[in-house]
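**Student:** sequence first, predicted model second:
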Amino acid sequence: MTTIQNPQIGGRYQILTQLGNGGFGTTFLAKDMQRPGNPHCVVKQLTLPSTDPNTFRAAKKLFDEEAATLEMLGSHNQIPLLLAHIEENQEFYLVEEYIEGHDITEELPYGVSLSEKVVTQMLCQILEVLAFVHQNDYVHRDIKPANLRRRDSDGKIVLLDFGAVKQICNQTINLQGQVVSTVVVGTPGYMPGEQAQGCPQFSSDIYAVGVIAIEALTGIKPQNFQLNNKGEIIWRDKATVSKNLGNIIDKMVRYDYRQRYQSASEALQAISKTSQYSLRRKIGKILAVAEIGGCLILTVIISNFLWQTLKPVSENFLDYENNIQGIKIKYPDNWKVQETPNAITQELVNFVSPKQEQDNFSEVVTISVEDFSETLDESVKVFSEEISNNVENLQILDNSETTLAKKPARQLVFTSKVGEHNLKSLQVWILKGNKAYIVTYAADIADYDRFVRTAEKMIASFEIN
């Protein structure tokens with residue numbers, strides 16, 4: 001066990017026992033002697049590769065910068081709070097909130113395959129917190145089961161041990177006086193090629209999350225994965241997984257980082273839409289991976305963009321047109337347009353609502369394309385049955401006739417539960433030729449009324465050219 005020279009860091013954090021030790025430093029369990037009840041905390045002592053003054057100064061600069069970033073990221077409920085960063089006797093210490101729980105390593109025993117439902121829930125929880133990290137222009141660099149802790153108090157996954165902190169511990173100064181890294185930060189098996197070469201991307205984190213999903217679905221550890229001649233992971237024949245989720249995971253772990261999802265938010269949207277809001281499987285054919293491809297579906301759904309800043313609903317609308325698909329819709333000028341053609345979900349564009357403080361979701365308008373050959377009356381039964389079969393706690397509140405694009409249409413209003421969230425949705429659709437045009441507004445139940453008028457204006461403005 002590593003000993004520490006000063007058993008009470010910063011005059012208040014009393015070291016109790018060592019939790020772990022690695023090439024980047026040592027982690028201790030401690031208690032805060034200046035807070036009521038002396039609560040537990042974690043003290044991380046960083047190990048520098050050299051006592052050279054130039055190296056120390058460079059490391060101190062990085063240490064202060066990273067501590068400021070970690071303090072900001074700690075505002076997220078699923079990232080430990082940074083309680084202090086201390087330089088003492090030319091040693092660097094980070095003091096963080098102690099999370100009671102277990103690493104998800106314990107949930108991934110060798111040879112045990114988890115169900116798609118369990119894996120999907122795990123993926124969403126990881127990507128939700130990682131989306132916050134990426135939205136703040138930060139790459140974690142060391143996503144792995146040992147750095148994902150299931151918190152006892154609420155069962156949520158907490159993201160630990162940011163890799164950029166470890167980078168501080170392998171800085172040195174070359175002969176030209178430049179700061180260089182001597183060790184690549186990351187864990188073999190979960191670390192993609194570009195990161196191993198010292199060029200981590202947001203999509204490098206996505207790769208690691210995808211590897212965890214494959215490990216969970218197959219019961220095979222990453223070091224035992226088989227690769228094809230293009231460097232892609234061979235796993236689909238070893239797992240019981242839907243085509244939709246399998247395609248998403250394949251994209252997450254592409255060998256070429258440019259072919260992966262480029263952020264956690266993008267990956268989270270894809271998973272949410274296929275596993276939670278799927279047109280054919282989870283919300284009456286919205287955003288399905290259709291085998292009958294070419295029909296246009298217009299969908300307004302929720303995507304998990306958490307911890308955001310409130311902005312008023314705009315009454316100023318702009319026009320969006322897609323001349324290839326022959327559609328037009330008006331959207332609020334303070335909503336963000338994201339054109340993201342997706343071969344899996346067939347979506348064309350997202351309209352993302354303004355950021356909201358202390359809100360679990362941002363409302364999104366999504367346009368997708370798929371064939372649909374049934375009649376309008378038949379579609380009601382198809383949509384309702386497939387929602388019922390695949391969504392938890394479904395309750396249909398309204399099933400009625402309406403209009404869309406000045407044509408007869410059908411409407412469903414329903415509530416459901418997705419993960420820990422209770423949602424309410426308004427779904428409107430029209431059939432024209434062999435195409436279905438579907439508009440769905442979905443929101444957390446608490447926010448549904450606040451945005452439904454805006455959603456109705458968008459739906460009413462929808463045109464088919």
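**Tutor:** Great, that's in hand. Residues are numbered from 1 along each chain as shown.
**Student:** what's the neighbour count on residue 147?
**Tutor:** 20 (other Cβ atoms under 10 Å). In this view, the C-beta of every residue, glycine as well, is placed from N, C-alpha and C.
**Student:** wasn't residue 319 part of a strand?
**Tutor:** Yes: according to DSSP: H, G, I helix; E, B strand; the rest coil, residue 319 belongs to a strand.
**Student:** sec struct for the closest residue in space to it that isn't next to it in sequence, please.
**Tutor:** Nearest residue to residue 319 in three dimensions, chain neighbours excluded: residue 330, at 5.9 Å (Cβ to Cβ, 6 or more residues apart in numbering). Classification of residue 330 using three-state DSSP returns strand.
**Student:** next, count neighbours for residue 330.
**Tutor:** Around residue 330 there are 18 residues (other Cβ under 10 Å).
**Student:** so it touches residue 459, yeah?
**Tutor:** No: Residue 330 is not in contact with residue 459 according to Cβ atoms under 8 Å; the separation is 10.0 Å.
**Student:** and residue 93, what does it touch?
**Tutor:** Applying Cβ atoms under 8 Å, 6 or more residues apart in numbering to residue 93 gives the contacts 9-10, 13, 43-46, 84-87.
**Student:** in strands only, show me these.
**Tutor:** Counted as lying in strands by DSSP state E, out of those, are 9, 13, 43-46, 84-87.
**Student:** how about the residues you listed, which pair is most distant?
**Tutor:** Across the ones in strands among the contacts of residue 93, the longest distance by Cβ to Cβ is 14.8 Å; it joins 13 and 46.
**Student:** those two: who's more crowded?
**Tutor:** Just comparing residue 13 and residue 46: by other Cβ under 10 Å the higher neighbour count belongs to residue 13, 24 against 19.
**Student:** helix or strand: which one has residue 382?
**Tutor:** helix 376-390 (DSSP states H and E).
**Student:** can you pull the buried residues of that helix?
**Tutor:** Neighbour-count burial for helix 376-390, counted by 16 or more other Cβ atoms under 10 Å, picks out 376, 379-380, 383-384, 386-387, 390.
**Student:** what residue ranges in the stretch 51-200 of the chain score low on pLDDT?
**Tutor:** 51, 163-184 (pLDDT under 70).
**Student:** quick one, helices of it?
**Tutor:** Ranges of helices within the stretch 51-200 of the chain are 53-73, 116-135, 163-168, 193-196, based on DSSP state H, counting those that start in this stretch.
**Student:** Throw those into JSON lines and include mean neighbour count and distance to residue 348, thanks.
**Tutor:** Listed next are the helices of the stretch 51-200 of the chain as JSON lines, based on neighbours: other Cβ atoms under 10 Å; distance: least, Cβ to Cβ, whole Å:
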{"stretch": "helix 53-73", "mean neighbour count": "16", "distance to residue 348": "33"}
{"stretch": "helix 116-135", "mean neighbour count": "21", "distance to residue 348": "22"}
{"stretch": "helix 163-168", "mean neighbour count": "22", "distance to residue 348": "35"}
{"stretch": "helix 193-196", "mean neighbour count": "17", "distance to residue 348": "29"}
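**Student:** count the residues that sit near the closest residue to residue 203 other than its chain neighbours.
**Tutor:** Leaving out its chain neighbours, the residue that sits closest to residue 203 by Cβ to Cβ, 6+ apart is residue 260, at 4.1 Å. Counted with other Cβ under 10 Å, residues neighbouring residue 260 total 24.
**Student:** check what pLDDT residue 260 gets.
**Tutor:** Residue 260 is assigned 96 on the pLDDT scale.
**Student:** so who does it touch?
**Tutor:** If you count contacts by Cβ under 8 Å, 6+ apart, residue 260 has them with 203, 206-207, 210, 251-254.
**Student:** just the ones of those residues in helices?
**Tutor:** Counting by DSSP state H, the part of the contacts of residue 260 found in helices is 203, 206-207, 210, 251-252.
**Student:** so which bits of stretch 240-248 are buried?
**Tutor:** 241, 244-248.
**Student:** tell me the domain ranges of this protein?
**Tutor:** 8-97, 101-270, 277-464 (automatic domain parsing).
**Student:** quick check, residue 425 in a helix?
**Tutor:** No: counting by three-state DSSP, residue 425 is not found in a helix; it is strand.
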